[in-house]
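> no FASTA, just this:
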């Protein structure tokens, strides 16, 4: 295989190797956590370590963690910030050649029981800024023991649904109940206060009721986090309406006092609550300017600027469905959580855009490598002997041009040097022989032309001329002979 083919193949292989190196990360690593055992209410530390396999380097890391905000509270950490169920941990190695990054995170246990801290997303890079593959992602299991003073009471003090009546009547020791509702009921409201105020209650299955049997579950977890009790309500939804959905005797009816609220025009310097956008709301047939939550496609409530009967101004929240009104106030913790979420969402979208661009660049490099390989194979397959002949000559000129060039070079060399007497004699002899050959060639060329047959018209003229000469001359001594020359 000649030099050019080897160069092309070498370039193609180099491009393929670079493409593969860009597609596949540098090496593998693992992320490990500690699994602390603590007492409910206490602060504790969780250690997260990112270690390169086979001694490979770890330069930087960006890891998002998730946890149960009802069981744990984030306090602080090395290169960590967050809260409300998520923590972002970032860090960079202090020295080149590090094979491990370690982070310490501080949490507070809110209740007894078992909870986990898991990885949502992660990006780890080596010292060459190459993305590292994480082949093992661990998690932290936090086991919080109950305090000696924690209650183990996991019973309910009462259990009611609306609409509908339970059968049998509620008893803290009875865990299974039944109820029947009409076909127009989509959900049932469940009232399930725990006997111990420190216990927690979770309700599921009370929405999206279907025709037939539906299971509503009330799960009560005691303060110690270990004792759990489950109450089950089998709700049967039938077509039509169901009687007997009277309000329980223990229910309390609330009536709100009538108040007069005047919606005011929005002032230019008015500070609008964060996350809301301006809109027009119809109240009692009057259009007023208000604000709705920008993230909701179908807002359920709006906020507007108004003044009460005492002349006090402020924001009020208006329920668009129930037509109820209450003062609006901003929860500082909620605002901070929303700001963190918006910041993380914007950063995630930016990273996703970069990854998509990198993906298409890699696809283009792979396609280019394949095209180059196909072109090289086609060139090799279509080569012939003539191509090999000229290829062996390398970059020199073709044969006729090379011969002429060599002749000119030889003539220039002959002209530029002195020739001997023998050489002059030989050159004169060659010139004479060449001149004799040219004369001989000219002679044979003329003879050949003279023997060619004459055209019929020319031959007839010649015969007439010859006959005329014979008639006018001596007829006894000569006669015309056509030699046919």
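Now that the structure is in, tell me what you want to look at. Not measured: the values here are computed from a predicted model.

> Every contact and neighbour count from this point should use C-alpha atoms.
Fine.

> quick one, longest helix in this protein?
Longest helix in the chain by number of residues (criterion: DSSP state H): helix 332-381.

> packing partners for that helix?
Applying 3 or more CA pairs under 8 Å, 6 or more residues apart in numbering; DSSP states H and E, we find helix 332-381 packed against helix 3-23.

> who touches residue 99 in this structure?
51, 52, 55, 56, 57, 58 (CA atoms under 8 Å, 6 or more residues apart in numbering).

> any idea where the helices of the chain begin and end?
Under DSSP H, the chain gives helices at 3-23, 332-381, 385-392, 399-416, 421-450, 456-472.

> where in the stretch 301-450 of the chain is pLDDT low?
By pLDDT under 70, the weakly predicted segments of the stretch 301-450 of the chain are 330-339, 341, 383-422, 446-450.

> Need the residue closest to the centroid of the chain.
Centre of the chain computed as the mean C-alpha position; nearest residue by CA atoms, centre = their mean is residue 356, 3.6 Å away.

> out of the contacts of residue 99, which is most surrounded?
residue 58 (29 neighbours; other CA atoms under 10 Å).

> Kindly provide the distance from that residue to residue 89.
15 Å (CA to CA, to the nearest Å).

> try residue 67
13 Å.

> shared neighbours of these two, which are they?
In contact with both residue 67 and residue 89: no residue, using CA under 8 Å, 6+ apart.

> Map the structural domains onto the sequence of the chain.
According to automatic domain parsing, the chain comprises the domains 25-145, 160-237, 262-333.

> how far out from the middle of the chain is the second one?
If I follow you right, that is domain 160-237. How far domain 160-237 lies from its chain's middle: 44 Å, per CA atoms, centre = their mean, to the nearest Å.

> what about it, how long is it end to end?
End to end - CA to CA - domain 160-237 spans 17 Å.

> Dump the domains of the chain into CSV; add distance to residue 442 as well.
Listed next are the domains of the chain as CSV, based on distance: least, CA to CA, whole Å:
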stretch, distance to residue 442
domain 25-145, 84
domain 160-237, 117
domain 262-333, 106
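
> So for residue 376, which of the ones you listed sits nearest?
domain 25-145 (29.0 Å; CA to CA).

> mean confidence score for the closest one?
Averaging pLDDT along domain 25-145 yields 86.

> so what's the nearest residue to residue 48 once chain neighbours are set aside up against?
Counting by CA to CA, 6 or more residues apart in numbering, residue 48 lies nearest to residue 33, which is 4.6 Å off, once chain neighbours are set aside. Residue 33 is in contact with 46, 47, 48, 49, 138, 139, 140, counting by CA under 8 Å, 6+ apart.

> do you know how far residue 33 is from residue 147?
25 Å.

> now residue 434
Remark: distance between residue 434 and residue 147 (CA to CA) = 127 Å.

> Residue 174 now?
Taking CA to CA, one finds residue 174 at 28 Å from residue 147.

> now do residue 436
Residue 436 is 132 Å from residue 147, by CA to CA.

> So for these two, which residue has more residues nearby?
Remark: of residue 436 and residue 147, residue 147 carries more neighbours, 15 against 12, as counted by other CA under 10 Å.

> The more buried one and residue 40 touch, don't they?
Yes - using CA atoms under 8 Å, residue 147 is in contact with residue 40, at 6.4 Å.

> Give me the common contacts of these two.
Joint contacts of residue 147 and residue 40 (CA under 8 Å, 6+ apart) do not exist.

> contacting residues around residue 81?
By CA under 8 Å, 6+ apart, the contact set of residue 81 is 87, 88, 89.

> how near is the closest residue to the last one other than its chain neighbours to residue 123?
Meaning residue 89. Of all residues not flanking residue 89 in the chain, residue 80 sits nearest, at 4.3 Å (CA to CA, 6+ apart). Remark: distance between residue 80 and residue 123 (CA to CA) = 15 Å.

> Please identify which of the two sits among more neighbours.
Comparing residue 80 with residue 123 by other CA under 10 Å, the one with more neighbours is residue 80, at 22 against 14.

> Next, find the distance separating the more buried one from residue 62.
Distance of residue 80 to residue 62, given as CA to CA: 10 Å.

> What are the buried residues along stretch 369-378?
Under the neighbour-count criterion of 16 or more other CA atoms under 10 Å, stretch 369-378 has 369, 372, 373 buried.

> ugh, wrong one, stretch 307-320
Buried, per 16+ other CA under 10 Å, within stretch 307-320: 307, 315, 316, 317, 318.

> before we move on, the earlier item: max pairwise distance over the contacts of residue 99: which two?
Going by CA to CA, the pair spanning those furthest: 55 and 58, at 9.3 Å.

> Now do the buried residues in the longest strand along the chain.
In the chain, assigned by DSSP state E, the strand with the most residues is strand 113-125. Using 16+ other CA under 10 Å as the test for burial, strand 113-125 gives 113, 115, 116, 117, 118, 119, 122, 124, 125.

> How about stretch 89-105?
89, 90, 91, 93, 98, 99, 100, 101, 103, 104, 105.

> coming back round to it: which residues are in contact with each of residue 80 and residue 62?
In contact with both residue 80 and residue 62: 88, 89, 90, using CA under 8 Å, 6+ apart.

> Surely the second one is in contact with residue 64?
Yes - Residue 89 is in contact with residue 64 according to CA under 8 Å; the separation is 6.3 Å.

> what's near enough to touch the residue nearest to residue 157 when sequence neighbours are not counted?
Once flanking residues are discounted, residue 157 sits nearest to residue 195: 4.5 Å by CA to CA, 6+ apart. By CA under 8 Å, 6+ apart, the residues touching residue 195 are 153, 154, 155, 156, 157.
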